[in-house]
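Trainee: Here is a sequence with its predicted model. Questions after.
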Amino acid sequence: MPTLVSVVIPVFNAAATIAEQLAALGRQTYAGEWEIVVADNGSTDDTAAIVDAYRSELPALRVVDASARSGPAFARNTGARLARGDFIAFCDADDVVADRWLEALVVASTAFDVVTGIEDAERLNSETVQSWRSPRAEGLPRGRFLPFAPTCNLGVWATVFEKVGGFRPEYRASEDIDWSWRAQLQSYTLGLAPDAVVHYRYRSSPRGIARQGFAAGVSSARLYRDYREQGLRHAEFGQVVRRWLWLLVRSPYIVSPLRRGLWIRRAAEAAGRMTGSVRFHVVAL
């Protein structure tokens, strides 16, 4: 069991959601020693004041400056570097961890080098917003290559994190996939803690959905470039054709309040894959 656990939260202008996450951390059942490291990526809103208000409730709460480079990957790396614990648990400022989240991650860490839990999308998202996304994984999330641990729900021994190396800031999305694959290719084990539940918040505004989808599409091309020699396969031709036909046939969704988010997300991902294919000199449509 770890001597000290560090919970690292990257933040950037998270005033609308950070209080709910900090309150949830205050309800954790974990009985061991732990701290919270909020890595501020240059917030300009009321994030700092809101975090400061929780210092009496969470005495082991620290804020560290992670503003030298924009992006959550850099903020997480900064928080991990300045963390004092021998086990690090990552979560995000816009989600809400369940009461047993940290306890479950730590228990599972006795059997694995890296652990993740379950993301529940029902609590924080309307049925409409949920319908715009595929259901969250019931076990280990897995792409076309290896399983991965999402950064919203990731626990890792500090020594393992250091040896694998931090998240790569050049990934503007999917940095958790890249990091998890690097860890497993270095023979570190990844396991599931089913009771480590995070209530996950989807993007709901058209702009937010488009930005997230585009970044994911670009990163999927980067992943293909970086891991095709290790065994990552490109999507089959028929799947690519079906993706583009779906966008064409379902284009009227853009005027439907109930369907618009689904079409925007898929269109943004497709645009991102095209952009990434050009940028990284691969074919990842």
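Mentor: The structure has been received and is ready for your questions.

Trainee: tell me the contacts of Ser205?
Mentor: Neighbouring residues of Ser205 by Cβ atoms under 8 Å, 6 or more residues apart in numbering: there are none. No exception for glycine: its C-beta is placed from N, CA and C like everyone else's.

Trainee: And it, how far from Arg265?
Mentor: 12 Å (Cβ to Cβ, to the nearest Å).

Trainee: element containing Ile9, please.
Mentor: Element membership of Ile9, judged by DSSP states H and E, is strand 5-11.

Trainee: Only the buried residues of whatever helix or strand comes next after that strand, if you could.
Mentor: Per DSSP H and E, the first helix or strand lying C-terminal to strand 5-11 is helix 18-25. Residues of helix 18-25 classed as buried: Ile18, Ala19, Glu20, Gln21, Leu22, Ala24, Leu25 (neighbour count, 16 or more other Cβ atoms under 10 Å).

Trainee: Quick one: distance of the strand holding Ile9 to the chain centre.
Mentor: 13 Å (Cα atoms, centre = their mean, to the nearest Å).

Trainee: thinking again about what came up before, how about TSV for the buried residues of helix 18-25, with pLDDT added?
Mentor: What follows is those, written out as TSV (pLDDT from 0 to 100):
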residue	pLDDT
Ile18	98
Ala19	98
Glu20	98
Gln21	98
Leu22	98
Ala24	98
Leu25	98
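
Trainee: Helices of the stretch 151-285 of the chain, start to end?
Mentor: For the stretch 151-285 of the chain, the helices defined by DSSP state H, counting those that start in this stretch cover 158-164, 175-185, 206-227, 237-249, 260-280.

Trainee: Need these in a markdown table (columns: mean pLDDT, mean neighbour count and distance to Pro72).
Mentor: Formatted as a markdown table, the helices of the stretch 151-285 of the chain follow (pLDDT from 0 to 100; neighbours: other Cβ atoms under 10 Å; distance: least, Cβ to Cβ, whole Å):
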| stretch | mean pLDDT | mean neighbour count | distance to Pro72 |
| --- | --- | --- | --- |
| helix 158-164 | 98 | 17 | 15 |
| helix 175-185 | 98 | 22 | 8 |
| helix 206-227 | 97 | 20 | 11 |
| helix 237-249 | 93 | 12 | 27 |
| helix 260-280 | 97 | 19 | 17 |
